[in-house]
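Novice: Based on what follows, work out the 3D shape:
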Amino acid sequence: MNRIALTFVLAFAGVAAAQSFPTKALNFTVPWSPGGSADLTSRALASAMSKPLGENVTVISRTGGGGAIGHLAISQARPTGYDIGMGTLEMVIPSWSKTSGLTIDNFTPISLISINPAAITVAKNSPFKTIGELVTFLKANPGKLKASGTAKGGSWDMARAGFLKTVGLKNAAMPWVPAQGSAAAIQELLAGGVDVITVSVAEVNNLLKSGEVRTLAVMADKRLSDHKTVPTLKESGINWSFGSFLSVVGPRRLSGDVVTKIDASIKAGMQEEEFKKFMTNAGFGMNYKNPAQFRVFLTQQAAKMREVQDFIDSE
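Specialist: Numbers count the residues shown, from 1 in each chain. Just a heads-up that it's a prediction; the model follows:
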């Protein structure tokens, strides 16, 4: 068989495979630990998208390396559509990309699922009642307050740095105390080990309801529907919004037809009552974007994170 004929045969086989996709179960890799927001959302989504897809979606945990191991597994999978996974904000954080060697170019964007805005939260006995009071104190007493939320250079650290940059403070004005995730940071706040946390509102939802913590502002463009009493930073003239995101991505060079089919199953699955109930109970917003919209979103987020990283590196 000559080269032209072989090329035609392979191309035809690829088209036929895409048209019949899927013919077996899909593997869905989660780069984060069981029980966390990425893991729980992945499991709820996998169940919801299985019906419209016509095949089971099996969740596989690949943890470690600050999400690098799981993301690497997704990026190195064969581009058939049978191995996809949860993509998170770390994909666009420069320091993480430098360490892991992965950028958004290593993936095929499929669907954006959720954006969870960061928030500025203090303990119930904190003297700060408003975001304005906190900013005033930081300007008069740089370095006196400590913040936490995740590992150094992680999503909630970038939220803190972007906030400081926007209000005209240096990165050292509110030093970061690394933590093994938001749960550990919340415990530090309650114990008095740190003064501020910048995790999402969803992660402090129960403590907010019980009055153990006070959220001064959310880093969203508008107030959250489930927390309408919490103002945004923008309402105080601080033009900074930030959120971690949960998405579905595949390896690079994934067929457009396959992407379309997976995206359609995700969009349909997100309309399932069980999935909507899960997201509501978890306090997660649903922010669906299709592949083209999601690609633009990733590019914008990467540029935004580069500005924050340059701010951090400038000191």
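Novice: Locate the nearest residue to Pro127 once chain neighbours are set aside within the secondary structure: which element?
Specialist: What sits nearest to Pro127 in space, not counting adjacent residues and going by C-beta to C-beta, 6 or more residues apart in numbering, is Glu133, at 7.6 Å. Heads up, the C-betas are built off the backbone N, CA and C, glycines and all. In the assignment (DSSP states H and E), Glu133 maps to helix 131-140.
Novice: elements contacting the next helix or strand after that helix?
Specialist: Next along the chain after helix 131-140, taking DSSP H and E as the criterion, comes strand 147-148. Strand 147-148 makes packing contacts with strand 176-177, helix 182-191, strand 196-197 when contacts are defined by 3 or more C-beta pairs under 8 Å, 6 or more residues apart in numbering; DSSP states H and E.
Novice: The ones you listed: which one's closest to Leu254?
Specialist: Across the helices and strands packed on strand 147-148, Leu254 has its closest neighbour in helix 182-191 (31.3 Å, C-beta to C-beta).
Novice: Just give me how far that closest one sits from the chain centre.
Specialist: From the chain centre to the centre of helix 182-191 is a distance of 20 Å (C-alpha atoms, centre = their mean, to the nearest Å).
Novice: Alpha carbons only: can I get that helix in PDB?
Specialist: Output in PDB follows, covering the C-alpha atoms of helix 182-191 (Å, rounded to 0.1, in the frame of the first residue of the first chain):
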ATOM      1  CA  SER A 182      -8.200  24.700  52.800                       C
ATOM      2  CA  ALA A 183      -9.400  22.500  55.600                       C
ATOM      3  CA  ALA A 184      -6.000  22.800  57.400                       C
ATOM      4  CA  ALA A 185      -6.000  26.600  56.800                       C
ATOM      5  CA  ILE A 186      -9.500  26.900  58.300                       C
ATOM      6  CA  GLN A 187      -8.400  25.100  61.400                       C
ATOM      7  CA  GLU A 188      -5.400  27.400  61.700                       C
ATOM      8  CA  LEU A 189      -7.800  30.400  61.500                       C
ATOM      9  CA  LEU A 190     -10.000  29.000  64.200                       C
ATOM     10  CA  ALA A 191      -7.000  28.200  66.400                       C
END
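Novice: which parts of it are buried?
Specialist: Neighbour counts over helix 182-191 (16 or more other C-beta atoms under 10 Å) mark 182, 185-186, 188-189 as buried.
Novice: Then stretch 200-216?
Specialist: So stretch 200-216, judged by 16+ other C-beta under 10 Å, has buried residues 200-205, 207-208, 213-216.
Novice: what residues does whichever helix or strand Phe278 is part of touch?
Specialist: Using DSSP H and E, Phe278 falls within helix 273-282. By C-beta atoms under 8 Å, 6 or more residues apart in numbering, the surrounding residues in contact with helix 273-282 are 37, 40-41, 44-45, 47-48, 114, 202, 226, 269-270, 285-286.
Novice: returning to what we had before: TSV for the buried residues of helix 182-191, including pLDDT and distance to Gly256?
Specialist: Formatted as TSV, these follow (pLDDT from 0 to 100; distance: C-beta to C-beta, whole Å):
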residue	pLDDT	distance to Gly256
Ser182	85	36
Ala185	93	41
Ile186	94	42
Glu188	96	46
Leu189	97	46
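Novice: Can you convert the residues you listed into a markdown table and add a column each for distance to Ala73?
Specialist: Output for the buried residues of helix 182-191, formatted as a markdown table (distance: C-beta to C-beta, whole Å):
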| residue | distance to Ala73 |
| --- | --- |
| Ser182 | 24 |
| Ala185 | 27 |
| Ile186 | 29 |
| Glu188 | 31 |
| Leu189 | 33 |
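Novice: And stretch 201-215, end to end?
Specialist: In stretch 201-215, first residue to last residue: 8 Å (C-alpha to C-alpha, to the nearest Å).
Novice: Figure out how far it is from the centre of its chain.
Specialist: With C-alpha atoms, centre = their mean, you get 20 Å for stretch 201-215.
Novice: who's in contact with that stretch?
Specialist: 37, 116-117, 119-124, 126, 128-129, 182-183, 186, 189-190, 197, 218, 224, 226-227, 230, 282-284.
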